[in-house]
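[1] please work out how this folds:
(2 chains)
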Amino acid sequence: MSQFEKRVIAAERSNPRFSFKIKSLCYSIKIKNCKFQIRINMDIDIIRKDFSILQKEGSSVYLDSAATSLTPEPVLKAMDEYYRTYRANIHRGLYREAEKASVEYEATRRVIANFIGADSDEIIFTAGATGSSNMLMYAFELTDTFSEGDEVVTTIMEHNAVLLPLQAFAKRKKLNLRYIELGECFELDYDQAEKCITEKTKLVALTLASNVLGTINDVTRVARRAHEVGALVLVDATAAVGHVPVDVKQLDADFLFFSGHKMCGPTGVGVLYGKKSELAKLTPSYLGGGIIEEVTRTDYVLGEQPWSFEAGTPNIAGVIGLKKAVEYLETIGVENIQTHCHETLAYTQQELKKIEGVKIFSSDPVHNIGIVSFTLATVHPHDMAEILGKNGVAVRAGHHCAVPLHTELCIPATTRASIYLYTTKDDVDALIESVKEAQRIFAQA
Amino acid sequence: MQNSEIYKQHILDHYNNPRNKEEMYKPTVSVPAKNASCGDSYILYLAIENKRITQATFSGVGCAVSQAAASLLTEKLTGMDVEEARALIEEDMYAMLGIEISLGRQKCALLLFRGLEEALRNL
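    Numbering: from 1, shown residues only, chains lettered A, B, ... in the order given. As a prediction, this is how the structure comes out:
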């Protein structure tokens, strides 16, 4: 499609000359100013059919994808097939099933690498984002890169999955932890970031997208500054992967991690990417079977990376499911998903703003992965979520594992609605109606 | 369960016009009661004379269920013997609220009650 000028126009479609459908995508092509313009629309009805949970009678309007996304049929089928037809451990057996399991497992490494612009041997499978970050912090600790008085920089919008391991690591190694603060419009304060990152900085850990504000951060910009001073860049891409295209080279990340379950994959599986040259400096902090060259009574020699970071029998079905999730997302196109989320989020924000007393904590739709957190003056978020839940609208209330951010915003909690590829305008309308009901209930007394 | 069943008039009344919501000067005992998962945060104050709770108040912020529970509980405690207060159980708190409490809201309903247990333990 590179020969066309591909333009995904956010506004309404005007007089398409020609349109056709392939799988769940609608293409409409017109000629304007001697140029082809292609607009790609996802057919949400077709996409929704892939999610059996959405077909179930009485299932909730699902606006909690930032907590965990739903799982499409092909992913379930891939995992089911492993359990039913070639269940075996990987990397050991010399029989058909074991070989197939190993092939599928290793194929996932290539698919993931390709998905985020990395090489296969830079991909480590973990139990999830939290598993990745803890593992990495302990691996850092075993190096002599960090010494007392060094600085590590993070942002005020981090999730506990990176923040807690980082705080603990900083305490153990007596490092100073500094924060990049918020700007005016729920984005990072990039000017302050420039000053915050100094010659003393050894590590900059930041999220690619906030799981509360939805903000997509300019990681490339922060990474440029970090690399100027020789610091490592660690990116938490958990909320972002599968929502926006992610390329480790473009981001200039030294390390990046994410979970499978927020991108249509199964729970209990995740990825840690490490740039080959940086990974080579690390020693696995987690030891066990399947990672050794040789073992004697007193010592051991570890095998090759990245396998040496995957001690023990991994979540094989999860990894196989993750491969299918990536293939599923790629068929639809992450860019198309991003456009759909932008449009649906813009509508959600617009409708929420019409309700008196609603305060929105969410960046503008274009720089947002599809999350809006809000408060309503008279209704506590927990009461809001309960009223919404009773009406069959699934959202989340609380601090969303980002307490310092809420402290900074001077609010104890928010209600969060999150959008993904299967979210419709009808879903948003159901949310809006219920928010209005909550307002009415609390206006009674 | 409908929304009207949990957000009954008396719950909304205690939420919007909480009783005994004031900090106490020199209480016999005061304890914080927090729910880290949602940010609800209260302090329970008890004034005790001759093994009798002469006054119970609270301060803080939280959802309708936790705030109504705090308001109802402090109403109940004022004038109660310490031993009577010790005999209170979770079901008493639910009975005061008079609404069905789902699993997800149990922490809200019992937040200040847990504070009371802590306060009485420390006496």
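[2] C-alpha from now on. contacts and neighbour counts both.
    Fine.
[3] neighbours of the residue in the stretch 301-445 of chain A positioned nearest to chain B, how many?
    When distances are taken as C-alpha to the nearest C-alpha, the stretch 301-445 of chain A reaches nearest to chain B at A:Gly398, 4.4 Å away. Using other C-alpha atoms under 10 Å in any protein chain shown, the number of residues around A:Gly398 comes to 22.
[4] does it touch A:Ala413 like I think?
    Yes. A:Gly398 lies in contact with A:Ala413 (C-alpha atoms under 8 Å); the separation is 4.5 Å.
[5] shared neighbours of the two, anything?
    Listed contacts common to A:Gly398 and A:Ala413 are A:381, B:38-39; contacts here mean C-alpha atoms under 8 Å, 6 or more residues apart in numbering or on different chains.
[6] least confident secondary structure element in chain B?
    Sorted by mean pLDDT, DSSP states H and E, the helices and strands of chain B end with helix B:3-6, the least confident at a mean of 72.
[7] got the CA coordinates for it in PDB?
    Provided in PDB are the C-alpha atoms of helix B:3-6 (Å, rounded to 0.1, in the frame of the first residue of the first chain):
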ATOM      1  CA  ASN B   3     -29.200   1.200  41.900                       C
ATOM      2  CA  SER B   4     -32.200   2.600  43.900                       C
ATOM      3  CA  GLU B   5     -31.800  -0.300  46.300                       C
ATOM      4  CA  ILE B   6     -28.300   0.500  47.400                       C
END
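[8] my read is that A:Thr130 contacts A:Leu163, right?
    No. A:Thr130 is beyond contact range of A:Leu163, at 10.0 Å (criterion: C-alpha under 8 Å).
[9] tell me which element A:Ile360 falls in.
    Counting by DSSP states H and E, the element that carries A:Ile360 is strand A:358-361.
[10] that strand pairs with which strands?
    Sheet pairing here is set by DSSP bridges, and for strand A:358-361 it gives strand A:371-376 (antiparallel).
[11] state which one residue of the stretch 51-200 of chain A is found closest to chain B.
    Using C-alpha to the nearest C-alpha, the point where the stretch 51-200 of chain A gets nearest to chain B is A:Asn160, with a distance of 12.5 Å.
[12] just give the nearest non-adjacent residue to that residue, would you?
    Once flanking residues are discounted, A:Asn160 sits nearest to A:Cys401: 5.4 Å by C-alpha to C-alpha, 6 or more residues apart in numbering or on different chains.
[13] quick one, what contacts residue 53?
    I'll assume chain A. If you count contacts by C-alpha under 8 Å, 6+ apart, then A:Ile53 has A:59, A:70 around it.
[14] looking at chain B here, not the other one
    By C-alpha under 8 Å, 6+ apart, the contact list for B:Ile53 reads B:46-47, B:77-82.
[15] before we move on, the earlier item: report how many residues lie close to the residue nearest to A:Asn160.
    Applying the criterion other C-alpha under 10 Å, we find 18 residues in the vicinity of A:Cys401.
[16] now swap in A:Glu294 and tell me
    The number of residues packed near A:Glu294 is 10, by other C-alpha under 10 Å.
[17] show me where chain B has its strands.
    Listed from the start of the chain, chain B has strands (DSSP state E) covering B:29-35, B:40-49, B:52-61.
[18] residues in chain B within reach of chain A, list them.
    Contact residues, chain B versus chain A (C-alpha under 8 Å from any C-alpha of the partner chain): B:1-4, B:7, B:9, B:12-13, B:16, B:37-40, B:62-65.
[19] would you show me how to pick out the buried ones of these in PyMOL?
    Selecting just the buried residues from the residues of chain B next to chain A in PyMOL takes one command, with 16 or more other C-alpha atoms under 10 Å in any protein chain shown as the test:
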select buried, chain B and resi 3+7+12+13+16+38+39+40+62+63+64+65
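[20] quick one: the residue of the stretch 301-445 of chain A closest to chain B and A:Tyr300, what's the gap?
    Between A:Gly398 and A:Tyr300 the distance, using C-alpha to C-alpha, to the nearest Å, works out to 47 Å.
[21] which pLDDT value belongs to the nearest residue to A:Ala402 once chain neighbours are set aside?
    Excluding the flanking residues, the one nearest A:Ala402 by C-alpha to C-alpha, 6+ apart is A:His159, at 5.0 Å. Per-residue pLDDT puts A:His159 at 97.
[22] below-threshold pLDDT in chain B: ranges please.
    Confidence mapping of chain B against pLDDT under 70 gives the ranges B:1-2, B:4.
[23] ok, now with 90
    Low-confidence segments of chain B, defined by pLDDT under 90, span residues B:1-10, B:35-40, B:61, B:100-104, B:122-123.
[24] nearest to chain A within it, name that residue for me.
    B:Cys38 (4.4 Å).
[25] that residue touches A:Ala402, doesn't it?
    No. B:Cys38 is beyond contact range of A:Ala402, at 11.2 Å (criterion: C-alpha under 8 Å).
[26] just to revisit the earlier point, can you tell me, leaving aside adjacent residues, what's nearest to the residue of chain B closest to chain A?
    Nearest residue to B:Cys38 in three dimensions, chain neighbours excluded: A:Gly398, at 4.4 Å (C-alpha to C-alpha, 6+ apart).
[27] please apply the same query to A:Phe140.
    With C-alpha to C-alpha, 6+ apart as the measure, A:Leu282 is the residue that lies nearest to A:Phe140, at 6.8 Å, once sequence neighbours are left out.
[28] same check on A:Thr415?
    Taking C-alpha to C-alpha, 6+ apart as the measure, A:Thr415 lies nearest to A:Ala397, with 4.3 Å between them; neighbours along the chain are not counted.
[29] secondary structure element for that neighbour?
    If you go by DSSP H and E, A:Ala397 is part of strand A:396-398.
[30] ok, then the element right after that strand?
    The helix or strand immediately downstream of strand A:396-398 is helix A:403-408, counting by DSSP H and E.
[31] rewinding a little: give me the buried entries from the contacts of B:Ile53.
    Applying 16+ other C-alpha under 10 Å to these, the neighbour count classes B:46-47, B:77-78, B:80-82 as buried.
[32] inside helices: which ones of these?
    In this view, the buried ones among the contacts of B:Ile53 that belong to helices under DSSP state H are B:77, B:82.
[33] same list, the buried ones among the contacts of B:Ile53, but as TSV with distance to A:Glu343 please.
    Written out in TSV, the entries for those read as follows (distance: C-alpha to C-alpha, whole Å):
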residue	distance to A:Glu343
B:Leu46	54
B:Ala47	57
B:Leu77	53
B:Thr78	55
B:Met80	58
B:Asp81	61
B:Val82	59
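[34] could you count how many residues lie near the residue nearest to A:Phe140?
    By the criterion of other C-alpha under 10 Å, A:Leu282 has 19 neighbours.
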